[in-house]
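[1] A predicted structure for the sequence below; I have some questions about it.
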Amino acid sequence: MTTPKKLFIKTYGCQMNVYDSERMAEAMGGQGYVETKSADDADMILLNTCHIREKAAEKVYSELGRLKPLKAKNPDLKIGVAGCVAQAEGEEIMRRQPAVDLVVGPQSYHRLPAMEERLRMGKTALDTDFPEEDKFEHLKSRPKAKRAPAAFLTVQEGCDKFCAFCVVPYTRGAEVSRPADRVLEEARDLVERGVREVTLLGQNVNAYHGHEGGLSGLIRALAKVDGLERIRYTTSHPNDMEDDLIAAHADVPELMPYLHLPVQSGSDRILKRMNRSHTAESYLRLIERIREARPDIIMSGDFIVGFPEETDADFEATMELVRQVKYGYAYSFKYSTRPGTPAAERPLVDPDVADDRLQRLQALITDHQHEIQRSMVGRDVSVLIERAGREAGQMLGKSEYLHSVHVENCDAAIGEIARVRIVEAKTNSLTAQLL
Ligand code: 5AD
Ligand code: SF4
């Protein structure tokens, strides 16, 4: 028997890349590769890259520079770049770093096995097409190995929203939904392998239209899959929060009370310039309706500060929106110019001003986050046990609200859902006792 070759994948960016990396590893499994956790003993290294903010490409080039000497140690080592930097830079990557053998965009990685065969013949391989065929169908189905209890499942890709700051519509292309029967098949397969919770992924997941009734139709169908106990979805756009999706938060018990719903800014003037086609007010009304459906829901969001022409008053409007919503989690970023996007041409905010705003916003969000975590003390929640903790008898998992919970003296096994009482809130996790 030939010894398997080793594949090292380094994943940057969003959860969709995490999912894509898993699928690339599976595709390469068919070519005789097994995954390794270290670049040093790899026969192939793939960087699965992200292009959402500036310096992403530069980071990839410096990582490639660091990896290049490994080729001197192992002349058969192949280096590949996948993901959104690959899509955006294409051939330029091989020109700037000749150590790169393979460049594959996020829509073409089902062609990796064929590309790898080219590499074996001493050639290089480049594919940044948006092919007609469904990449998910061309990948081998996942091997039947046991899986961790919480898994990602990509159901939709691409985005037609064209926010003025964002490269996603260019790197990931137009919105495409996977057919519901394929998603359901994959979900059943995941459950057979020990998965209890799926997070449905899409750049604009609530624009999903592969099932009658859209995303809520899919969620309702998934809720009927035996053994699938928890469903989440991310990332959503406020304009695609249909009535039935909101209703699903009230009447589908498997749908977890956590929602990531980015708004980006609390200023209507900036929202307009961002091409978001909603207002701060319409967003707040939407959250009110979601909270009517599911009063304990924890909200999460994304914010950009220092968007071109953002004034102090615009920024204050963002702070005010955050105060009103009180997010359990939120991610805030300093605006980063992305060449080729409409906002790239506009006058920038002074970087020191933007830094100061980012710090203030993050401090406010962190206060809310801690306050919400503290308010969990004394409450009973369900924890999906994912792994053993560091201390004896301790198990770790996530509550329905996505909080990390350490359960003390826990005899529940990995994959079980334990009912617990929260006894303490630490900075980044909660401590609980079994009920
Ligand atoms: N600059 C800063 N943040 C950005 N995001 C997207 N594009 C940019 C950009 N050019 C943020 C948005 C989005 C998240 C995934 O990344 O907040 O919701
Ligand atoms: Fe980018 Fe999200 Fe806007 Fe689409 S909706 S353009 S992915 S920020």
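    All right, it came through fine. Ligands and ions are numbered 1, 2, ... in the order given.

[2] any idea where the helices of the stretch 101-250 of the chain begin and end?
    All helices of the stretch 101-250 of the chain, identified by DSSP state H, counting those that start in this stretch, fall at 112-120, 135-138, 168-171, 180-192, 214-223, 243-251.

[3] Need the winner for burial among the ones you listed.
    Highest mean neighbour count of the helices of the stretch 101-250 of the chain: helix 214-223, a mean of 22 (counted as mean count of other C-beta atoms under 10 Å). (Glycine included, C-beta is placed from N, CA and C.)

[4] So what touches that helix?
    Applying C-beta atoms under 8 Å, 6 or more residues apart in numbering, the set of residues contacting helix 214-223 from outside is 155, 180, 183-184, 187, 198, 200, 205-208, 210-211, 213, 228, 231, 233, 242, 244-245, 247-248, 252-255.

[5] picking up where we left off before, columns distance to residue 271 and mean pLDDT on top of the helices of the stretch 101-250 of the chain, output as JSON lines?
    Converted to JSON lines, those look like this (distance: least, C-beta to C-beta, whole Å; pLDDT from 0 to 100):
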{"stretch": "helix 112-120", "distance to residue 271": "40", "mean pLDDT": "91"}
{"stretch": "helix 135-138", "distance to residue 271": "34", "mean pLDDT": "69"}
{"stretch": "helix 168-171", "distance to residue 271": "18", "mean pLDDT": "91"}
{"stretch": "helix 180-192", "distance to residue 271": "32", "mean pLDDT": "95"}
{"stretch": "helix 214-223", "distance to residue 271": "23", "mean pLDDT": "98"}
{"stretch": "helix 243-251", "distance to residue 271": "21", "mean pLDDT": "98"}
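
[6] Can you tell me which of these is nearest to residue 83?
    Proximity to residue 83 (C-beta to C-beta) singles out helix 168-171 among those, at 8.4 Å.

[7] hmm, the closest one touching ligand 2?
    Yes: applying C-beta under 6 Å from any ligand atom, one finds helix 168-171 in contact with ligand 2 at 168, 169.

[8] So which other helices or strands are in contact with that helix?
    Packing partners of helix 168-171 (3 or more C-beta pairs under 8 Å, 6 or more residues apart in numbering; DSSP states H and E): helix 83-89.

[9] Which SSE is immediately downstream of the helix it packs on?
    Later in the chain than helix 83-89, the nearest helix or strand by DSSP states H and E is helix 92-96.

[10] re the thing from before, quick check: which of the helices of the stretch 101-250 of the chain is nearest to residue 44?
    Per C-beta to C-beta, nearest to residue 44 of the helices of the stretch 101-250 of the chain: helix 112-120, 7.5 Å.

[11] before we move on, what SS does residue 407 have?
    strand (DSSP: H, G, I helix; E, B strand; the rest coil).

[12] hmm, back to that, turn the helices of the stretch 101-250 of the chain into a markdown table, columns for distance to residue 309.
    Listed next are the helices of the stretch 101-250 of the chain as a markdown table, based on distance: least, C-beta to C-beta, whole Å:
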| stretch | distance to residue 309 |
| --- | --- |
| helix 112-120 | 43 |
| helix 135-138 | 39 |
| helix 168-171 | 22 |
| helix 180-192 | 41 |
| helix 214-223 | 34 |
| helix 243-251 | 33 |
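
[13] can you list the ones you listed in a markdown table and add distance to ligand 1?
    Formatted as a markdown table, the helices of the stretch 101-250 of the chain follow (distance: least, C-beta to the nearest ligand atom, whole Å):
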| stretch | distance to ligand 1 |
| --- | --- |
| helix 112-120 | 26 |
| helix 135-138 | 22 |
| helix 168-171 | 7 |
| helix 180-192 | 23 |
| helix 214-223 | 18 |
| helix 243-251 | 19 |
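
[14] Which of the helices and strands in this structure ranks last by mean pLDDT?
    helix 135-138 (a mean of 69; mean pLDDT, DSSP states H and E).

[15] Quick one: low-confidence residue ranges for the chain.
    1-2, 132-133, 138-144 (pLDDT under 70).

[16] Walk me through the domains of it.
    5-127, 141-256, 269-375, 380-434 (automatic domain parsing).

[17] Save these as CSV, and put in distance to residue 135 too.
    What follows is the domains of the chain, written out as CSV (distance: least, C-beta to C-beta, whole Å):
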stretch, distance to residue 135
domain 5-127, 4
domain 141-256, 9
domain 269-375, 24
domain 380-434, 28
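
[18] ok so, going back, identify the residues contacting the least confident helix or strand of the chain?
    Identification of contacts with helix 135-138 by C-beta under 8 Å, 6+ apart yields 23, 107, 108, 109, 110, 111, 154, 178, 182.

[19] what do you get if the cut-off is 6 Å, keeping everything else the same?
    For helix 135-138, contacts defined as C-beta atoms under 6 Å, 6 or more residues apart in numbering pick out residue 110.

[20] again, but for stretch 376-396
    With C-beta under 6 Å, 6+ apart as the criterion, stretch 376-396 contacts 149, 196-197, 397-400, 405-410, 412, 414, 416-422, 425, 430.

[21] Just the buried ones from these?
    Listed as buried from the contacts of stretch 376-396 are 149, 196-197, 397-400, 405-408, 410, 412, 414, 416-418, 420, 422, 425, 430; burial here means 16 or more other C-beta atoms under 10 Å.

[22] Any idea how many residues pack against residue 356?
    Number of residues near residue 356 (other C-beta atoms under 10 Å) recorded here: 14.

[23] now residue 253
    11.

[24] before we move on, back to that, which among the helices of the stretch 101-250 of the chain is found nearest to residue 61?
    helix 168-171 (17.1 Å).

[25] where does the chain come near ligand 2, residue by residue?
    Going by C-beta under 6 Å from any ligand atom, the residues of the chain near ligand 2 are 159, 161, 162, 163, 166, 168, 169, 203, 204, 237.

[26] Emit the PyMOL select command for whichever of the residues you listed are buried.
    Here is the PyMOL command that selects the buried residues among these (16+ other C-beta under 10 Å):
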select buried, resi 159+161+163+166+168+169+203+204+237
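
[27] of the residues of the chain next to ligand 2, closest to ligand 1?
    residue 166 (4.4 Å; C-beta to the nearest ligand atom).

[28] Spit out the contact partners of the closest residue to residue 296 other than its chain neighbours.
    Take residue 296 and drop its neighbours on the chain: the residue closest to it by C-beta to C-beta, 6 or more residues apart in numbering is residue 257, 5.3 Å away. The contact partners of residue 257, by C-beta under 6 Å, 6+ apart, come to 294, 296, 297, 400.

[29] So which of those belong to helices?
    Per DSSP state H, helices hold no members of the contacts of residue 257.

[30] Keep only those of those that are in strands.
    Per DSSP state E, strands hold no members of those.

[31] CSV for those residues, including distance to residue 360?
    Output for the contacts of residue 257, formatted as CSV (distance: C-beta to C-beta, whole Å):
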residue, distance to residue 360
294, 30
296, 28
297, 26
400, 31
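
[32] Could I have the buried ones of those residues as ChimeraX selection syntax?
    Buried residues within those, by 16+ other C-beta under 10 Å, are selected in ChimeraX with:
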select :294,297,400
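
[33] I appreciate the help and will end here.
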